[in-house]
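> Okay, predicted coordinates and the sequence, questions at the end:
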Amino acid sequence: MTKTLVKAPFRADHVGSLLRPESIHQARADFNDGKISAEALREVETKEIKRIVDKQIEVGLELVTDGEFRRRFWHTDFLEHLNGVEGYVPDHGFKFVDVETERYDVRNIGKISFNPDHPHVKDFIEFKEIVGDRAVAKQTIPSPNQLFNAGIRDEAIYPDVEEYAKDVIQTYRDAIKAFYDAGCRYLQLDDVYIAGLSAPDIPFNDSNLSREYLIELALRVINGVLEDKPEDLVITTHLCRGNYQSTWAFEGSYELIAPTLLAKEKVDGFFLEYDDERSGDFKPLEHVPNGGPSVVLGVVTSKNGELEDKDAIKARIKEAAKYVPHEQLCLSPQCGFASTHHGNKLTEEQQWDKLKYIVDLAKEVW
C-alpha cells in the first residue's frame, strides 16, 4: 500500500477547539436534566460537527477538527476514559487570572493503560467519514505529560514516578496506534504541563523532584511515546499557558524548557503561544533544530474577536525568522477558541473571521 505523507502542520493552521453553538449547550443541559437521551445529544453534536467542518473548509483551511464538540474539557474527557484514571469533582477549580475554573479534574485510581474501547477513537472514525477527502482530519488529545500534574498520581499505586512514566508511555503508544489504525494521520498533543515547567513563578517541588529532573522526564515521556511512530503520521504538540473564558493561568517565556524540549522533542511541529507580552520574545526558538520541527506561531489571539494589524503580524513573523528559518514557520491562533465548553469571549462570526484572516495572511507571507 502506498503511504501518503500529510504535509502538516500547515502554513495556516489552528489549535483545534471551536466555540460551541447554543444548540449543543441546550442539548447537553437537556441531557443532564434527563430530558433527552445520549443518542439525541449525539445527533445534535454530529449535526453541528458537519456544519463546522464545512465552515472550516469554506474559510480555506487545509485541516479541519471536530471543534472538540463532544467534549466538556480539552483534556479530562480523554484522560478519564483511560484505564486507571477517573474524573471527579475536587474542592476547587484551577486558579486563572481573575477567575477559578469549573471544578473538575482527573486522578489515578489504578494501573494506567489504554482502553481499546476509548470513545474518542470511535468519535474520530465518525469524524473522518464526515470530512472525507475534502481536507485533513486533525485529532487533538491531551499530552501524556498532563498526567504528571501535581495531585494526579496516586503514590500508593505508583510510589516510583519512573514506573508511572513507563505505564503512561505505553498507554500513549497504544493510543497513538489506535488512532492511526482508525485512519488518523495528523495528531496533536496539547500540553499545559510542559509550558508550566517554563513558568518561573510555578514551584515544581512535587515529591521533592527538581524542575530540571521534571523537564528531562517530560522529554523522555514524549520521546518514548513517539518512538517507532509510523512515518506517515504527523504528530505536533501545543504548549499552552491556560485558556479559560479568555483568561490565562500563568506567564513566562519558553526559555527554561527550550534547551531540552524545543531542542530535542521528536515531534513534527510546535504550536507556541505568542499573542501577548507574557509569552516573552522569540529567542528561545534558537534551540529548535534547523530543518527540524515546524514552529507554528500563535501570534493571533483566540481570546478576543479584534483582528490584529496585518503589518504587525508580518513584522512578528519576520522577527521569529531570525531564529527559525522562514520556511520552517507557520501561523495559527495561540490556542483554541473554546478549550472548555464555556468558550472564549468572542462571537462565532469573529472566530471564523480570525481563521479566514490567518489563511489569507499565510498566503501573502508564504
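Sure thing, it's come through. On a predicted model such as this, the values are computed, not experimentally measured, just so you know. Numbers count the residues shown, from 1 in each chain.
> Quick check: which element contains residue 108?
Using DSSP states H and E, residue 108 maps to strand 105-113.
> buried set for the helix or strand just after that strand?
Proceeding N to C from strand 105-113, the next assigned helix or strand is helix 119-131, under DSSP H and E. By 16 or more other Cβ atoms under 10 Å, the buried positions in helix 119-131 come out as 120-121, 123-124, 127-128, 130-131. (Glycine included, C-beta is placed from N, CA and C.)
> what packs against the next helix or strand after helix 119-131?
Next helix or strand after helix 119-131 toward the C-terminus (DSSP H and E): strand 136-137. Packing partners of strand 136-137 (3 or more Cβ pairs under 8 Å, 6 or more residues apart in numbering; DSSP states H and E): strand 63-64, helix 119-131.
> ok now strand 136-137, how far from the chain's centre?
Relative to its chain's centre, strand 136-137 lies at 15 Å (Cα atoms, centre = their mean, to the nearest Å).
> okay if I get the buried residues of helix 119-131 as JSON lines plus pLDDT and distance to residue 12?
Below are the buried residues of helix 119-131 laid out as JSON lines (pLDDT from 0 to 100; distance: Cβ to Cβ, whole Å):
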{"residue": "120", "pLDDT": "97", "distance to residue 12": "25"}
{"residue": "121", "pLDDT": "98", "distance to residue 12": "28"}
{"residue": "123", "pLDDT": "97", "distance to residue 12": "25"}
{"residue": "124", "pLDDT": "98", "distance to residue 12": "22"}
{"residue": "127", "pLDDT": "98", "distance to residue 12": "20"}
{"residue": "128", "pLDDT": "98", "distance to residue 12": "21"}
{"residue": "130", "pLDDT": "98", "distance to residue 12": "21"}
{"residue": "131", "pLDDT": "98", "distance to residue 12": "17"}
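> low pLDDT regions in the chain?
Residues of the chain that meet the criterion pLDDT under 70 lie in 1-6, 90-103, 203-207, 242-251, 343.
> closest one to residue 288 among the helices and strands packed on strand 136-137?
When these are compared by Cβ to Cβ, strand 63-64 sits nearest residue 288, at 21.3 Å.
> helices or strands up against the closest one?
helix 38-58, strand 136-137.
> Can I get the buried residues of helix 119-131 in a markdown table including distance to residue 18?
Shown next, in a markdown table, are the buried residues of helix 119-131 (distance: Cβ to Cβ, whole Å):
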| residue | distance to residue 18 |
| --- | --- |
| 120 | 17 |
| 121 | 21 |
| 123 | 15 |
| 124 | 16 |
| 127 | 13 |
| 128 | 17 |
| 130 | 14 |
| 131 | 14 |
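> where's residue 271, which helix or strand?
Using DSSP H and E, residue 271 sits in strand 269-273.
> which neighbours does that strand have in its sheet, and in what orientation?
Paired strands of strand 269-273, with direction, are strand 234-239 (parallel), strand 294-300 (parallel) (DSSP bridges).
> Nearest approach to residue 27 belongs to which of those strands?
Of all these, strand 234-239 sits nearest to residue 27, with 27.9 Å by Cβ to Cβ.
> Quick check: buried residues in that closest one?
For strand 234-239, burial by neighbour count (16+ other Cβ under 10 Å) applies to 234-239.
> Provide a list of residues in contact with residue 350.
For residue 350, the contact set (Cβ atoms under 8 Å, 6 or more residues apart in numbering) comprises residue 305.
> distance between the host helix or strand of it and the chain's centre?
Element membership of residue 350, judged by DSSP H and E, is helix 348-365. Put simply, helix 348-365 sits 20 Å off its chain's centre (Cα atoms, centre = their mean).
> okay, that helix in CSV with CA atoms only?
The C-alpha trace of helix 348-365 is given here as CSV (Å, rounded to 0.1, in the frame of the first residue of the first chain):
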residue,chain,number,x,y,z
GLU,A,348,-18.7,32.7,16.3
GLU,A,349,-18.6,35.2,13.4
GLN,A,350,-15.4,36.7,14.9
GLN,A,351,-14.0,33.2,15.3
TRP,A,352,-14.5,32.5,11.6
ASP,A,353,-13.1,35.9,10.6
LYS,A,354,-9.9,35.2,12.6
LEU,A,355,-9.4,31.8,10.9
LYS,A,356,-10.0,33.3,7.4
TYR,A,357,-7.6,36.2,8.3
ILE,A,358,-4.9,33.6,9.1
VAL,A,359,-5.5,31.7,5.9
ASP,A,360,-5.3,34.9,3.8
LEU,A,361,-2.3,36.2,5.7
ALA,A,362,-0.4,32.9,5.3
LYS,A,363,-0.9,33.1,1.6
GLU,A,364,0.6,36.5,1.5
VAL,A,365,3.6,35.6,3.7
